[in-house]
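# this one's structure only:
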């Protein structure tokens, strides 16, 4: 698994969504899968890959414009500012925070690629297990690298500013409409002005260079490939295995959405379940996600329980809990009504400085986590197939 990760980085380096590097890495993954899968295909799709992060520029401009517009605060200006900033806040939550892509129409579509390898069972197919990760890597979050945790805090401050400004202005308009003395509730306005430079961390989120993405998320793709190698030799009886490398996860789960939308009816008929693997940095922080807060999805309890049992049977400790920030490809499936679960291998209780920075490289990847999860995944898949045999 580590050799696969090393090979991809050596050959293609960082792999921004939609880039030739991403395409090359997907072709390399497909060629690897052809060595043991019954069928392998690369699926091209088109999606507005810039829509997620470029929208942050729009939200920042709305925020700054609103503060400038209120330098003279008549009742009419305050009401107009409520409307402008309120629209910005709604779309910031709806489009960016919850990954619902409602502003996609503003941005051009670009090409990206998914890869699927398939291994058929020896008897009647009763279900399909999809083991997946994503191949692309993000352009460095430059504030997070240079300012560490404070860089993330700047993003959080700006985000709260985008959401809270229209709430404050709405209250301000009510006060002024009913004749409150001028300036009586203006002090929060100056707080919003004081924190307005934090929006620069949103406007200029990315640096010029993509990160290696060894941990996030060549670990997931490598695990999918490894499961294919193992179960091409140890054939399952009633479970079709699909090994998927999603493209363009970083710009809001584009590959997973494209795959799920294209194959939804087929996946429902196959009783397909996605087990998504992402960011397996070290054994001590292996975690089964119970839900993802940004995307407002909750993963099925029976899937979480089955994964937990596989960890217990493998004598490998595991945590359970929500993903507090960001999202995984499992969310795309859940949003579209397809069963999925998600395993993480990084401490999500605090900011890990390798996340989305140049420190996401092989040097900071502890192979113990990958090796432990391999044991668990083999156990889980074997358990799953045994259940299909008696159902």
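Right, received. Where do you want to start? Predicted model, so just to flag it, every value in this text is computed and none were measured.
# from here on, contacts and neighbour counts on C-alpha atoms
Will do.
# can you classify residue 216 by secondary structure?
coil (DSSP: H, G, I helix; E, B strand; the rest coil).
# number the chain from 14, please
Sure, I'll start numbering at 14, so the last one becomes residue 229.
# do you know how far it is from residue 273?
21 Å (Cα to Cα, to the nearest Å).
# what about the two, which has more around it?
residue 229 (29 against 21; other Cα atoms under 10 Å).
# my read: that one touches residue 291, true?
Yes - using Cα atoms under 8 Å, residue 229 is in contact with residue 291, at 6.3 Å.
# how many residues are close by residue 71?
As a measure of burial, residue 71 has 14 neighbours, counting by other Cα under 10 Å.
# just how off-centre is the helix or strand containing it within its chain?
For residue 71, the host element (DSSP states H and E) is helix 64-82. The chain centre lies 23 Å from the centre of helix 64-82; the measure is Cα atoms, centre = their mean, to the nearest Å.
# just stretch 253-266 next, same as before
For stretch 253-266, the separation from the chain centroid amounts to 10 Å (computed by Cα atoms, centre = their mean).
# also stretch 323-338?
Counting by Cα atoms, centre = their mean, stretch 323-338 comes out at 19 Å from the chain centroid.
# outside of it itself, list whatever touches it.
297-307, 321, 361, 385, 388-390, 392-393, 396 (Cα atoms under 8 Å, 6 or more residues apart in numbering).
# mind giving me the PyMOL command for buried ones among those?
To isolate the buried subset of the contacts of stretch 323-338 in PyMOL, counting by 16 or more other Cα atoms under 10 Å, use the following:
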select buried, resi 298+299+300+301+302+303+304+305+306+307+321+385+388+389+390+392+393
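# helices - which of the contacts of stretch 323-338 land there?
Residues from the contacts of stretch 323-338 lying in helices, with DSSP state H as the criterion: 321, 385, 388, 389, 390, 392, 393, 396.
# now, which of those residues sits nearest residue 26?
residue 385 (26.3 Å; Cα to Cα).
# just the helices in the stretch 64-213 of the chain please.
Under the criterion DSSP state H, counting those that start in this stretch, the stretch 64-213 of the chain contains helices at 64-82, 88-104, 155-160, 162-190, 200-208, 213-216.
# and the contacts of the second one?
I take that to be helix 88-104. 72, 75-76, 79, 82-83, 115-116, 175-176, 178-180, 182-183, 185-186, 189-190.
# chain center to it: distance?
Distance of helix 88-104 from the chain centroid (Cα atoms, centre = their mean) equals 30 Å.
# residues of it that come out buried?
Here helix 88-104 shows 90-99, 101-102, 104 as buried, counting by 16+ other Cα under 10 Å.
# could those go into JSON lines alongside distance to residue 312 and pLDDT?
Output for the buried residues of helix 88-104, formatted as JSON lines (distance: Cα to Cα, whole Å; pLDDT from 0 to 100):
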{"residue": "90", "distance to residue 312": "45", "pLDDT": "87"}
{"residue": "91", "distance to residue 312": "42", "pLDDT": "88"}
{"residue": "92", "distance to residue 312": "41", "pLDDT": "91"}
{"residue": "93", "distance to residue 312": "41", "pLDDT": "93"}
{"residue": "94", "distance to residue 312": "39", "pLDDT": "94"}
{"residue": "95", "distance to residue 312": "36", "pLDDT": "95"}
{"residue": "96", "distance to residue 312": "36", "pLDDT": "96"}
{"residue": "97", "distance to residue 312": "36", "pLDDT": "96"}
{"residue": "98", "distance to residue 312": "33", "pLDDT": "97"}
{"residue": "99", "distance to residue 312": "31", "pLDDT": "97"}
{"residue": "101", "distance to residue 312": "30", "pLDDT": "98"}
{"residue": "102", "distance to residue 312": "27", "pLDDT": "98"}
{"residue": "104", "distance to residue 312": "25", "pLDDT": "98"}
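# which secondary structure element is home to residue 265?
Per DSSP H and E: residue 265 is located in neither a helix nor a strand.
# please tell me I have it right and it contacts residue 65.
Yes - at 6.2 Å, residue 265 counts as touching residue 65 under the criterion of Cα under 8 Å.
# which one's more surrounded, the two?
In this view residue 265 and residue 65 are compared by other Cα under 10 Å, and residue 265 has more residues nearby, 27 against 24.
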